[in-house]
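>>> Sequence first, predicted model second:
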There are 2 protein chains.
Amino acid sequence: MARRAGYDRDEVLARAQALFWRKGYHTTSLKDLEAALNMRPGSIYAAFGSKEALFAETLHIYARRSREQLRQARVAKASPLAGLAAYVRALGCIQADAVPSRACMLVKTLLETPDDDTVLRRLTEEIMEGMEAEFATAFRAAQTAGELPDGTDPERLACRLQAEIFGLRAYAQRSDAQDKVARLAEDIARDIERLADR
Amino acid sequence: MARRAGYDRDEVLARAQALFWRKGYHTTSLKDLEAALNMRPGSIYAAFGSKEALFAETLHIYARRSREQLRQARVAKASPLAGLAAYVRALGCIQADAVPSRACMLVKTLLETPDDDTVLRRLTEEIMEGMEAEFATAFRAAQTAGELPDGTDPERLACRLQAEIFGLRAYAQRSDAQDKVARLAEDIARDIERLADR
DNA sequence: CGAACACTTGATCGATCACTCAAGAAAGGA
DNA sequence: TCCTTTCTTGAGTGATCGATCAAGTGTTCG
């Protein structure tokens, strides 16, 4: 009984995510969303509650996909370090026209969110913490596999790697330096691999 | 003849810069500026022309100070690599309450500015290019001083260093990871120093 | 068919945005 | 003293912000 929604929720969320990722939270207006989603304000609010809640959902999508990409890179490679290096290289190879923004959506959100505790700021930091924990798990696996010298700290390497990725992807936002990004990713990946022979 | 301005222009610019650096361009409203500068809209527009022009001036101040800090770190150390390492360590030691934001104002602006050519986007990228060129000069000096092995590319190292600093300072914006920042800067600084013995 | 229900529409809300400008206030020169 | 010049003030501009809601439309079931 009753009417079905005239849109596919996942497809709408994907479109919203692309828009938010490209433009950022504050710079995206409801007019922009109405156009991109082909929905009127009433429908948007009925479906998602608020602009902020919609953005939060798109952040979760981003987080899920990021973890998925890391997982894929890891299973494709025999060793943990090789998996992490492959993940970084993949980030460097992303073409600008294949993605809403070469920058990381999490960093964009972190930097445009006020320090005092908002929902979005906290959510962003939680997701970052989760990704860093994934990196740490990979480095621990590397250690177990004998790839890392004793005395190296997996958590410390995870923190470093996350910062390197933040930097890589912020750099990739520069429109005047697109050609350097893949080379940069290669340098980072090599440093990860070199951790083995120290 | 005539009335003098009731404010000190440099002091006002410093206050505007602190506000913009902390909150970002779009999130800072004219009401915020009026309060921070203790000026009414008419005076602000008479003095600076527009919100965008005022922001551009504060970006230039940021750029000048960044170059100055790099220069100071370089002259304080005997070797070019030691100077760069000192610069990175100094970035890691900045206390959160001593600065409007631990994040880099340039990266914040880059990530909140639309891809299509705006004045602010172009200005930001120009300043970044200038800083990267400073890094390259330092690495070239290191090479001349025999600190770097033959075959290393100063421009490539400069690109890498800028990305690492972007990452360090984006990471430093995380309120849940303040204690890791100095350690992270130390790791980056050590890697710079280690370039000597390769 | 027609009642019940779910979803869509779009005009509209008050708030806030960046910005303007006429009028007032302060200082120097005659 | 009074005129000229410059700066300051703050109410007000139209536009746009995120969000609401009564009315309309489509679908299913009795």
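Arrived safely, thanks for sending.
>>> give me the low-pLDDT residue ranges for chain A?
Across chain A, residues meeting the criterion (pLDDT under 70) sit at A:1, A:198.
>>> Which part of it gets nearest to chain B, residue-wise?
Among the residues of chain A, A:G167 lies nearest to chain B; the distance is 2.6 Å by Cβ to the nearest Cβ. Bear in mind the C-beta positions are built from the backbone N, C-alpha and C, glycine included.
>>> right, and that residue touches B:G167 too?
Yes: using Cβ atoms under 8 Å, A:G167 is in contact with B:G167, at 2.6 Å.
>>> Quick check: which helices or strands does the host helix or strand of A:I44 pack against?
Per DSSP states H and E, A:I44 falls inside helix A:41-48. Helix A:41-48 is packed against helix A:30-37, helix A:51-76, with contacts defined by 3 or more Cβ pairs under 8 Å, 6 or more residues apart in numbering or on different chains; DSSP states H and E.
>>> any idea which of those is most buried?
Neighbour counts (mean count of other Cβ atoms under 10 Å in any protein chain shown) averaged over each of those peak at helix A:51-76, with a mean of 16.
>>> Pull the distance from that helix to the chain's centre.
6 Å (Cα atoms, centre = their mean, to the nearest Å).
>>> Can you name the next helix or strand after it?
Next along from helix A:51-76, by DSSP H and E: helix A:80-93.
>>> After that next one, which helix or strand is next?
Using DSSP H and E, the next helix or strand after helix A:80-93 towards the C-terminus is helix A:105-112.
>>> Could you export that following helix as CSV, CA atoms only?
This file holds the C-alpha atoms of helix A:105-112, laid out as CSV (Å, rounded to 0.1, in the frame of the first residue of the first chain):
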residue,chain,number,x,y,z
MET,A,105,37.2,14.1,1.5
LEU,A,106,38.1,13.5,5.1
VAL,A,107,40.8,16.1,5.1
LYS,A,108,38.7,18.6,3.3
THR,A,109,36.0,18.1,6.0
LEU,A,110,38.5,18.2,8.8
LEU,A,111,39.9,21.5,7.6
GLU,A,112,36.6,23.3,7.0
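>>> Which strands and helices lie in contact with the following helix or strand past it?
Proceeding C-terminally, helix A:105-112 gives way to helix A:119-144 as the next helix or strand, assigned by DSSP H and E. Contacting helix A:119-144 under the criterion 3+ Cβ pairs under 8 Å, 6+ apart are the following elements: helix A:51-76, helix A:80-93, helix A:105-112, helix A:154-171.
>>> and those helices as TSV, adding distance to DNA strand C?
Below are these laid out as TSV (distance: least, Cβ to the nearest atom of the strand, whole Å):
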stretch	distance to DNA strand C
helix A:51-76	12
helix A:80-93	34
helix A:105-112	14
helix A:154-171	24
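>>> Relative to DNA strand D, which of those helices is closest?
helix A:51-76 (3.4 Å; Cβ to the nearest atom of the strand).
>>> To A:G146, which of the helices and strands packed on helix A:119-144 lies closest?
helix A:80-93 (10.5 Å; Cβ to Cβ).
>>> by contact count, what packs against that closest one?
Helix A:80-93 packs on helix A:51-76, helix A:119-144, helix A:154-171, helix A:181-194, going by 3+ Cβ pairs under 8 Å, 6+ apart.
>>> Run the chain-centre distance for the third one.
What separates the centre of helix A:154-171 from the centre of its chain is 12 Å, taken as Cα atoms, centre = their mean.
>>> Distance check, the closest residue to DNA strand D within chain A against A:L30.
Residue nearest to DNA strand D within chain A: A:G42 (2.8 Å; Cβ to the nearest atom of the strand). According to Cβ to Cβ, to the nearest Å, A:G42 stands 11 Å off from A:L30.
>>> do A:I188 as well
Per Cβ to Cβ, A:I188 is found 39 Å from A:L30.
>>> before we move on, back to that, what about the residue of chain A closest to DNA strand D, how many neighbours?
When counting by other Cβ atoms under 10 Å in any protein chain shown, one arrives at 8 neighbours for A:G42.
>>> what do you get for A:L13?
There are 18 residues near A:L13, going by other Cβ under 10 Å.
>>> what helix or strand does it sit in?
Assessed by DSSP H and E, A:L13 sits inside helix A:9-23.
>>> before we move on, what about A:R4?
A:R4 belongs to no helix or strand, assigned by DSSP H and E.
>>> so what's the backbone phi/psi at it?
In terms of degrees, to the nearest 10, the main-chain angles of A:R4 are phi -90, psi 160.
>>> got it, and the one 4 residues further on?
As for A:D8, its main-chain torsions (degrees, to the nearest 10) stand at phi -100, psi 120.
>>> Over to A:T27?
Dihedral angles (degrees, to the nearest 10) for A:T27: phi -80, psi -20.
>>> Please consider this matter closed, and thank you.
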